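Chemist: Okay, here's the prediction I keep looking at, along with the sequence it came from:
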Amino acid sequence: MAFLRKTPYERLRYPWASDVVSAADVQSMASDIDQAMVTTAKMASDFSRFASVVVRRNAAQSITKATLTTISFDTVTLNNGSDSPLSNANWWAAGSPTRVTAPVACVVLVSGFGSINLGSALGANGAFQTIVTLNGGSNSQGTKYNPIATNAGQQWDSGLSMWRLAAGDFLELRELWTGTPAGPFNTDTVVPPQLSLMMVGLTSVS
Amino acid sequence: MSGNTINKGYPYPLTSDFADVQDAYRLAIAIDADLRADQAPFRAFESRPSFVVRQTSNGSGFLSGTDRLKIGTIDWDNTGGAVVNNTSWVQPVGQAPSWWLFGTTILTTAISGTPVVGDLVMGRLSITTTDQVSAVATTTTATQRSDETNTGGEWLNVFTMAAIYRGSVSAQLLLNGSTQKAISAGSTFWGLSLGPVT
């Protein structure tokens, strides 16, 4: 059997110029080609199967005035990470109900939707804010607006964001309201807070 | 080596040829390159062009006018178009006309005085693209207006889709008020390539 070299990409073994080709050499090369074909077929099957998750807070959650409050999700609409060969693990777990956690390093597109049911109008200086936060820290993206000063009842806002996540990084949805009333107020149960996330890329592709 | 397979054109020796060890080398290299090319679209999808950048210090205060988010740190970029200290992202020159999704969260911070409720505050994405034939550059904008609430800094979330070629995009804050504000550290700007226009 010759001393075999390998091709640059698929690492197919082949005999070099000074060798005498043996049946074993051809067998090695055929085996490597076979494996490379299997790898290519698996890539074709898996490449678009990015993981996604949608979590929601259906029950009312109390939000204290001027306190940035992390939403605790009680309903999981979609959590298909374990079905994705590109992540192969779930994003949400009941033990950490506020978090969606990246199983692998990836880039994600996130929609954070916030809602609150105002028991009374916020007044001129009122504001309602919804943000998505990385790892419980200050790195946040989201939106804020000033509801009509005399309007009580349901208020909603939403923000779109993109994140680069390392494996184990987590995102959370947070809400804040402030204004004249003392509160607290509950999240809306008719159109409840929701966080939707989808992997849109991998940070490392071999 | 004088034959080629029908579909892929892989080289092989004919039965009338002398056996040559380099036949195996040429066949292996041809298969290797062909498989790599077949895998390219899958790799491209998984590593589609995208970037996420942030401003890391507060900008200069102003009363009215426009300021641009300045890139202080690059959380993610596989386009090469995000550069620290630049105020715009630049599309890779070699990319064909492509659809992109852009977004930003612009945070404001008060620089002097107490912000006045109702002062104009807007976030904006400014998108410049180049015509492939005439080479004329045109700029369009996407804007979110959410005026001053006087409750500790504003958060403006803007996003838009755009077809661009040799383009550049910046995230901006527009003000018209009576006290100075600025783009705050932590403001974020991102983009995701959605695919070619055609």
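Modeler: Arrived safely.
Chemist: so how far is stretch A:32-46 from its chain's centroid?
Modeler: Distance, stretch centre to chain centre, for stretch A:32-46: 27 Å (C-alpha atoms, centre = their mean, to the nearest Å).
Chemist: Contacts for it, please.
Modeler: A:10-13, A:85-86, B:31-32, B:35, B:38-39, B:42-43 (C-beta atoms under 8 Å, 6 or more residues apart in numbering or on different chains). The C-beta positions use only the backbone N, C-alpha and C, and glycine is treated the same way.
Chemist: Check which residues of whichever strand or helix holds B:S64 are buried.
Modeler: For B:S64, the host element (DSSP states H and E) is strand B:62-68. Within strand B:62-68, the residues that count as buried by 16 or more other C-beta atoms under 10 Å in any protein chain shown are B:F62, B:D67, B:R68.
Chemist: Neighbouring strands - and their directions - for it?
Modeler: Taking DSSP bridges as the criterion, strand B:62-68 forms sheet pairs with strand B:168-183 (antiparallel).
Chemist: Now the strand it pairs with: buried residues?
Modeler: Buried residues in strand B:168-183 (16+ other C-beta under 10 Å): B:168-175, B:177, B:179-183.
Chemist: Does anything pack onto the following helix or strand past that strand? Which helices or strands?
Modeler: Downstream of strand B:168-183, the first helix or strand assigned by DSSP H and E is strand B:188-196. With contacts defined as 3 or more C-beta pairs under 8 Å, 6 or more residues apart in numbering or on different chains; DSSP states H and E, strand B:188-196 has these neighbours: strand A:153-165, strand B:50-54, strand B:98-110, strand B:168-183.
Chemist: quick one: strand B:188-196 to strand B:98-110, angle?
Modeler: If you take axes from the mean of the first three to the mean of the last three C-alpha atoms, to 10 degrees, strand B:188-196 sits at 170 degrees to strand B:98-110.
Chemist: Give me the sheet partners of strand B:188-196 and which way each runs.
Modeler: Counting by DSSP bridges, the strands paired with strand B:188-196 are strand B:50-54 (antiparallel), strand B:98-110 (antiparallel).
Chemist: who's in contact with the shortest one?
Modeler: Meaning strand B:50-54. A:107, A:139, A:162-164, A:200-201, B:69, B:71-79, B:81-82, B:89, B:186-193.
Chemist: What about the residue nearest to A:S138 when sequence neighbours are not counted, how many residues nearby?
Modeler: In space, and not counting its chain neighbours, A:S138 is closest to B:G186: 6.5 Å by C-beta to C-beta, 6 or more residues apart in numbering or on different chains. For B:G186, the neighbour count with other C-beta atoms under 10 Å in any protein chain shown is 21.
Chemist: Next, B:G186: phi, psi?
Modeler: B:G186 adopts backbone torsions of phi 100, psi -10, taken as degrees, to the nearest 10.
Chemist: right, and it touches A:L134 too?
Modeler: No: counting by C-beta atoms under 8 Å, B:G186 stays clear of A:L134, with 10.9 Å between them.
Chemist: Common neighbours of those two, please.
Modeler: Counting by C-beta under 8 Å, 6+ apart, the residues touching both B:G186 and A:L134 are A:S140.
Chemist: Format the buried residues of strand B:62-68 as a markdown table; extra columns: pLDDT.
Modeler: What follows is these, written out as a markdown table (pLDDT from 0 to 100):
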| residue | pLDDT |
| --- | --- |
| B:F62 | 95 |
| B:D67 | 98 |
| B:R68 | 98 |
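Chemist: for the residues you listed, which one is nearest B:T5?
Modeler: Within the buried residues of strand B:62-68, the smallest distance to B:T5 is 56.1 Å, found for B:R68 (C-beta to C-beta).
Chemist: what is the closest one paired to in the beta sheet?
Modeler: Beta-bridge partners for B:R68, by DSSP bridges, are B:Q172.
Chemist: Hmm, it is touching B:L174, no?
Modeler: No: between B:R68 and B:L174 there is no contact, the gap being 10.6 Å when judged by C-beta under 8 Å.
Chemist: what's the burial count for B:S134?
Modeler: Neighbour tally, B:S134, other C-beta under 10 Å: 8.
Chemist: pretty sure it belongs to a strand, no?
Modeler: No: applying DSSP: H, G, I helix; E, B strand; the rest coil, one finds B:S134 to be coil, outside a strand.
Chemist: related to what we said a few turns ago, which one, of the helices and strands packed on strand B:188-196, ends up nearest to B:T139?
Modeler: Judging the helices and strands packed on strand B:188-196 by C-beta to C-beta, what sits closest to B:T139 is strand B:168-183, at 9.2 Å.
Chemist: mean confidence score for the closest one?
Modeler: Averaged across strand B:168-183, the pLDDT comes to 96.
Chemist: just for chain B, where's the confidence low?
Modeler: Scanning chain B for pLDDT under 70 picks out B:1.
Chemist: Sort out which of the contacts of strand B:50-54 are buried, if you could.
Modeler: Buried among these by 16+ other C-beta under 10 Å: A:107, A:162-164, A:200-201, B:69, B:71, B:75-79, B:81-82, B:89, B:186-193.
Chemist: B:D38 is in what secondary structure piece?
Modeler: helix B:21-46.
Chemist: Is that helix in proximity to chain A?
Modeler: Yes: using C-beta under 8 Å from any C-beta of the partner chain, helix B:21-46 reaches chain A at B:21-22, B:24-25, B:27-29, B:31-33, B:35-36, B:38-39, B:41-43, B:45-46.
Chemist: Pretty sure B:G72 sits against B:S57.
Modeler: Yes: at 6.2 Å, B:G72 counts as touching B:S57 under the criterion of C-beta under 8 Å.
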